[in-house]
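A.B. asks: sequence and predicted structure are below.
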Protein chains: 2
Amino acid sequence: MGSKTAARNAQDDGGRRDVYKGAMSSASPDLRTVHVDLEARAYDVLIGAGILGGLGDFLAAGTFREPVAIITDARVGALLGERTQNAVLAAGLSSFMIEVPPGEGSKSLEVLAHLHSRLARNKVPRSGTIVALGGGVIGDLAGFAAASYLRGIHFVQVPTTLLAMVDSSVGGKTGVNLPEGKNLVGAFHQPKFVVADLDALATLPPREFAAGMAEVIKYGAIADRALFDRVANGVTAEDDDLAEIVEKCVAIKARIVEHDEFETKGERALLNFGHTIGHAIEKATGYSRYLHGEAIALGLRAAAWLSVWESGLPEAEAKKIEAALLDNDLPLELDRKVDREAVLAALGNDKKVASDGGNRWVLLSKLGEAKSGCEISLEVAAKAIERLVA
Amino acid sequence: MGSKTAARNAQDDGGRRDVYKGAMSSASPDLRTVHVDLEARAYDVLIGAGILGGLGDFLAAGTFREPVAIITDARVGALLGERTQNAVLAAGLSSFMIEVPPGEGSKSLEVLAHLHSRLARNKVPRSGTIVALGGGVIGDLAGFAAASYLRGIHFVQVPTTLLAMVDSSVGGKTGVNLPEGKNLVGAFHQPKFVVADLDALATLPPREFAAGMAEVIKYGAIADRALFDRVANGVTAEDDDLAEIVEKCVAIKARIVEHDEFETKGERALLNFGHTIGHAIEKATGYSRYLHGEAIALGLRAAAWLSVWESGLPEAEAKKIEAALLDNDLPLELDRKVDREAVLAALGNDKKVASDGGNRWVLLSKLGEAKSGCEISLEVAAKAIERLVA
């Protein structure tokens, strides 16, 4: 496609980073930028404390048009909505806010239809912009609204949870759930840029911060031993090197997404380390008992032991993963009351509609090195799940 | 983007045409092929009488996977459903059919959700394929289902109306309507190939065939004087050169879409000649009085006179357009009972959310030559609308 789509987005390309830095130079000398090189759909992830105030300038520096629709949930909206809207208005862009109820329930076709209707009634044109202000649910929902309204409009991610900053806001996966399963409807729709303001993490409940750390530990485990060692002893929202940690995670994800944007080659599947059993646990517990990151923590522990049994991970390194989860206040043990048969059934079930086909099992050969497309029998998976029960 | 997305679709590229021709050589020596060169998203439009029977072979020649979900409406399904499904089954691919009610009402988020649910319950994987069997409504609806289910699966257009063959099945526009307006939600999602079996036109009510001729006349008017002259005296489903006429229209659309896939440069707007007032008439009459092609015929007549007044089209050529519409059994006159104020209001209203921005008015300088982005005052537009009233 090259030239044609390139022309569509050329205005959003090269030279933007300097603009961002110019816009932020006084406010935040520590602005970090990770470039996601997807040619015509390339963009930057901006990371720093207090950078949300620059959102309007970032928008104005681009070719984005008003009105700017800020989509958020009632909880985040109460904390950051006004500040976000003021940042947009201060740059001379008109803006309105749409709040949806907090929680996974908003990732539905019904709430999506409500967003479409609000966008249409506010006469947002194709050149308009959606800002997704919130965690993973808001990013996925607002991102798909942006992908589908008028066959696609501009879209900016403002992740407010650690999990969204290091994972869901980067890479262009958007979507909603069906009664039949999670994320079954959606689009690959890359944001125009991502603003990860670390100050937002100060407002996060400790349990939510810890949930995000599960993904951080995952990045270290699959791709960066030094990152793993750094975070293994525990990370808090106050740590001086938090920006550097987030930057490293985003850079790992960016490199993987660059090589496999549409998840067709197996590389993007590496990001699913710990997610196969994690997703099954979420499904078997009705998506209510564990936060996503907590279920992933359990999945990481199970995947560590699968890696010991099936791909030569030294036992000592599996124990390091367990210790890292523990030191970041993540659960190590699956509640006895959880029906393990249901977890196994969810694993089997998932297979047929799995968007990652045969690449679902990701194992480590050592800390910092992962491979996808591994074959694991249900018996061995069952053994790993039993390992989680105290 | 080039290489990355190219890799995603490389298996569907070059060499396919020979395969199609090989698959069809005995059945239809007259198979015509128009290539739509969108690089990684390139595809062929196959045109010929009786080629629907080759659908399974075309699918099997590609890398498409089962199950094949055939989406159609109850009317087309009764006529062509079994034949279509047999063609797929004969190639050894599993298949199931989803029927929706006929008519524009099915282009809704509610029917889309029903399709998503049926696809999920039938465990269609990301490598599965949707076949859109029907007219423009089915192509738009099933195309958007294919664009959004599992973030995008394969999709084949089997247009069964003249209008869908020459217009809506080519170019990748998919979508549904909102209560707030038509086509407000959708995606650009190109089909993997298009099968235009002219035999399907024999089952079409004459009024529907005529409606398709409005778009054919449009292609001649904007880009091909010889085509215009050929069709000006009237075309029927039995004409020997129908395949050639459809091929010429598709080729015109293909060249325009190749230069402006995402409708950002004004070229694609050329396809909207006659559509600005046509859409306003449809809106003002509740989308019930006129078929889309009939409203476009009225819009073409109005646009012809606007072209005389504003862009130097010779009056004799405007009259040729009127004669061509008449000789193809299309309406020339707007019913007196239609509220012209409502038509004008629809024109003004449309502006704000218009996906084609400032390029909405397309005028001719002579037959076969059009330009987009023209400025027309509401007063002059009103004069053109009055011209339609007997």
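C.D. replies: It's in. Numbering: from 1, shown residues only, chains lettered A, B, ... in the order given.

A.B. asks: I'd say A:Leu163 and A:Gly293 touch.
C.D. replies: Yes - if you go by C-beta atoms under 8 Å, A:Leu163 and A:Gly293 touch, sitting 5.5 Å apart. (C-beta placed from N, C-alpha, C; glycine too.)

A.B. asks: next secondary structure element downstream of the lengthiest helix in chain A?
C.D. replies: Counting by DSSP state H, the longest helix found in chain A is helix A:292-311. Counting by DSSP states H and E, the next helix or strand C-terminal to helix A:292-311 is helix A:315-327.

A.B. asks: tilt between that next one and helix A:292-311?
C.D. replies: Computed by axes from the mean of the first three to the mean of the last three C-alpha atoms, to 10 degrees, the angle separating helix A:315-327 from helix A:292-311 equals 170 degrees.

A.B. asks: buried ones in helix A:315-327, by neighbour count?
C.D. replies: A:317-318, A:320-322, A:324-325 (16 or more other C-beta atoms under 10 Å in any protein chain shown).

A.B. asks: in CSV, list those residues along with pLDDT and distance to B:Asp57.
C.D. replies: What follows is the buried residues of helix A:315-327, written out as CSV (pLDDT from 0 to 100; distance: C-beta to C-beta, whole Å):
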residue, pLDDT, distance to B:Asp57
A:Glu317, 98, 52
A:Ala318, 98, 52
A:Lys320, 98, 56
A:Ile321, 98, 51
A:Glu322, 98, 55
A:Ala324, 98, 55
A:Leu325, 98, 54
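
A.B. asks: quick one: the strands in the stretch 51-200 of chain A?
C.D. replies: Applying DSSP state E, counting those that start in this stretch to the stretch 51-200 of chain A gives strands spanning A:68-73, A:95-100, A:129-134, A:154-159, A:173-178, A:181-188, A:193-197.

A.B. asks: re the thing from before, okay, and the common contacts of A:Leu163 and A:Gly293?
C.D. replies: Residues touching both A:Leu163 and A:Gly293 (C-beta atoms under 8 Å, 6 or more residues apart in numbering or on different chains): A:208, A:211-212, A:214-215.

A.B. asks: how far off centre is stretch A:146-160?
C.D. replies: Remark: stretch A:146-160 is offset 15 Å from the chain centroid, using C-alpha atoms, centre = their mean, to the nearest Å.

A.B. asks: so does that stretch get close to chain B?
C.D. replies: Yes - using C-beta under 8 Å from any C-beta of the partner chain, stretch A:146-160 reaches chain B at A:147-152.

A.B. asks: okay, that stretch in CSV with CA atoms only?
C.D. replies: Extracted C-alpha coordinates of stretch A:146-160, given in CSV (Å, rounded to 0.1, in the frame of the first residue of the first chain):
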residue,chain,number,x,y,z
ALA,A,146,-12.5,6.1,16.4
ALA,A,147,-11.8,3.2,14.0
SER,A,148,-15.4,2.8,13.0
TYR,A,149,-17.0,6.3,13.2
LEU,A,150,-17.1,7.7,9.7
ARG,A,151,-14.9,4.8,8.6
GLY,A,152,-12.1,6.0,10.9
ILE,A,153,-11.1,9.3,12.6
HIS,A,154,-8.0,10.5,14.5
PHE,A,155,-7.4,9.0,17.9
VAL,A,156,-5.1,9.8,20.8
GLN,A,157,-4.5,7.5,23.8
VAL,A,158,-4.1,9.1,27.3
PRO,A,159,-3.6,6.0,29.4
THR,A,160,-4.2,6.6,33.2
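
A.B. asks: nearest residue to the middle of chain A?
C.D. replies: A:Ser168 (1.4 Å; C-alpha atoms, centre = their mean).

A.B. asks: chain neighbours aside, what residue packs nearest to that residue?
C.D. replies: Nearest non-adjacent residue to A:Ser168, counting by C-beta to C-beta, 6 or more residues apart in numbering or on different chains: A:Gly136, 3.9 Å away.

A.B. asks: what do you get for A:Arg83?
C.D. replies: A:Leu52 (6.3 Å).

A.B. asks: give me the number of residues near the one you found?
C.D. replies: Neighbour count for A:Leu52, taken as other C-beta atoms under 10 Å in any protein chain shown: 22.

A.B. asks: ok, now which ones touch it?
C.D. replies: Contacts for A:Leu52 (C-beta under 8 Å, 6+ apart) come out as A:80, A:83-84, A:87, A:158, A:195, A:197, A:199-200.

A.B. asks: how about residues contacting stretch A:336-347?
C.D. replies: Residues contacting stretch A:336-347 (C-beta under 8 Å, 6+ apart): A:276-277, A:279-281, A:283-285, A:289, A:334, A:378, A:381-382, A:385-386, A:389-390.
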